[in-house]
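Chemist: model this:
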Amino acid sequence: MSDNQKLAPSEIEKLKSFIQKYQKFWDEVNEIDEEIKKLDEVKTESLTKVQEISVEIEKVRQEEADFQATLVAKYGPFHLNVETFEIKLHNN
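Modeler: Residues are numbered from 1 along each chain as shown. The predicted model follows:
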């Protein structure tokens with residue numbers, strides 16, 4: 001006599017349903033993992049762009065400082081009205 005027994009069809013179906021549910025969970029987790037990888041790539045690209053923009057900002061700031069030094073050399077110390085672009089010279 002064999003110790004092997006067959007499960008009832010309803011028991012087999014229940015086990016199959018568990019397998020299907022776990023497979024669905026696994027698929028969902030894999031999808032989320034792929035989304036996270038894509039988000040990481042976007043984050044890296046965005047941070048690189050921010051760094052590039054920061055470098056450009058520093059260049060413009062230096063250019064502005066150089067231009068301001070040129071104006072101060074030409075006119076002397078002054079205050080600039082940013083609405084009218086008129087300057088008021090400082091009396092030393």
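Chemist: would you list every one of the strands in this protein?
Modeler: Counting by DSSP state E, the chain has strands at residues 78-80, 87-89.
Chemist: got CSV for those, with distance to Ser17 too?
Modeler: C-beta coordinates here come from the backbone N, C-alpha and C atoms, glycine included. CSV is the format used below for those (distance: least, C-beta to C-beta, whole Å):
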stretch, distance to Ser17
strand 78-80, 76
strand 87-89, 81
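Chemist: of all the ones you listed, which one is nearest Tyr22?
Modeler: strand 78-80 (69.4 Å; C-beta to C-beta).
Chemist: check the offset of the closest one from the chain's centre.
Modeler: Mean C-alpha position of strand 78-80 versus that of the full chain (C-alpha atoms, centre = their mean, to the nearest Å) differs by 39 Å.
Chemist: do the same with stretch 59-79
Modeler: Relative to its chain's centre, stretch 59-79 lies at 35 Å (C-alpha atoms, centre = their mean).
Chemist: cool, and stretch 82-90?
Modeler: Counting by C-alpha atoms, centre = their mean, stretch 82-90 comes out at 40 Å from the chain centroid.
Chemist: residues contacting Ala8?
Modeler: Listed by C-beta atoms under 8 Å, 6 or more residues apart in numbering, the contact set of Ala8 is empty.
Chemist: oh, that last question was meant for Glu64, not what I typed.
Modeler: Glu64 neighbours (C-beta under 8 Å, 6+ apart): none.
Chemist: how far away is it from Glu52?
Modeler: To Glu52, Glu64 is 19 Å away according to C-beta to C-beta, to the nearest Å.
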